[in-house]
Structures are given as C-alpha cells and as structure tokens.
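>>> Got a sequence here, can you model it:
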Amino acid sequence: MTDQQPPKETCTEKAIKAVGYTKDRATEFDKQHNVVEKTKNAASATAQKAREVDEKHHVVERTKNAASFSVKKIEEFDEKHKVVERTKNAASVTAQKAKEFDEKHHVVEKTKEAAGVAAAKTALGLKWFASKLKPSEKPK
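This is a model prediction of the structure:
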C-alpha cells in the first residue's frame, strides 16, 4: 500500500460545488413553496394595478405635462432674465480676473515654491525625529 492521498480540491472546485449545492437547495425550496410563481403573480398584479391607477388618474400624462410645463417656464424665465448668458459672462470675467491677479502677484508660482519648502522642511524634521529614536524604535 502507498500513502498517496487524493489531490486537494482547489478553491475554484469548492466554489463550483457550493454554487451547485446552493442552486439545488433553492430549486428544492421553490418546488416546496412556489416562490417563483408567487413572485410572477405579485409582479403581474402590481403592474395591472399601476395600469388601473394610471387609467383612472392619468398619472403618466400629468407627469409628462408637468415636466413640459416646467421646461417651458424655465426657458421663458431664462429668455426674460438672461440667466444662462449672464452666468457664462460672469464665469468668463471671473476667470480672466483670476488670471490677471495671478500674473500680477504670481500666486501659483509662490504656492508651488511654498509647497516645495514645506516638503523639504517636513523631510528635515522627520530625519531629525528619526535620529532621536533608539535603534530598536527606528523604522525599517
């Protein structure tokens, strides 16, 4: 006799067995309790009730009309008050002023320099801190 053991199952093989087992249990449960049929019937009844409510109260038509009316009123308001045009102009002016301000005061350049200095100072501080640690506490 040899002491050979059968090869171990891989994770994939175990997963396939688990899925098969779960499918079998679900199928068995459905046969006993008619879950699929009951779900189909409930969905069908819900859809039928929704159609009845819509036929009686015209929900879909009223929703479409309200949306259309809203869009029309928004367009009229924008036409009268030029909201979109004014917003675009304000954004354009703001961007231009920000550009001019940066060109005059070099904000972006100074910010980059400050970030570089801060990074260098942080690195120096960390080196100093690391030098004060005991050899057993130093990061590896």
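>>> and the helix or strand encompassing Lys80, average pLDDT?
Using DSSP states H and E, Lys80 maps to helix 59-81. Taken as a whole, helix 59-81 has an average pLDDT of 97.
>>> what's the answer for stretch 10-21, then?
With pLDDT averaged residue by residue, stretch 10-21 scores 89.
>>> which residues are in contact with that stretch?
For stretch 10-21, contacts defined as Cβ atoms under 8 Å, 6 or more residues apart in numbering pick out Glu9. C-beta: built from backbone N, CA, C; applies to glycine.
>>> Helix or strand next in line after the helix holding Lys80, which one?
helix 83-105.
>>> so after that following helix, what's the next helix or strand?
Downstream of helix 83-105, the next assigned helix or strand under DSSP H and E is helix 107-132.
>>> Tell me the spacing between the spatially most central residue of the chain and Glu61.
Centroid check for the chain by Cα atoms, centre = their mean gives Ala67 as the closest residue, at 27.0 Å. Between Ala67 and Glu61 the distance is 11 Å, computed by Cβ to Cβ, to the nearest Å.
>>> same question, Gln48
19 Å.
>>> what do you get for Ala120?
On the measure of Cβ to Cβ, Ala120 and Glu61 end up 68 Å apart.
>>> Also Ala45?
Ala45 is 23 Å from Glu61, by Cβ to Cβ.
>>> got a list of contacts for the helix holding Lys80?
By Cβ under 8 Å, 6+ apart, the residues outside helix 59-81 that reach it are 53-54, 83-84.
>>> From the residues you listed, list just the buried residues.
Buried subset of the contacts of helix 59-81 (neighbour count, 16 or more other Cβ atoms under 10 Å): empty, as none qualifies.
>>> would a markdown table of the residues you listed with distance to Val108 be doable?
Converted to a markdown table, the contacts of helix 59-81 look like this (distance: Cβ to Cβ, whole Å):
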| residue | distance to Val108 |
| --- | --- |
| Val53 | 59 |
| Asp54 | 58 |
| Val83 | 31 |
| Val84 | 30 |
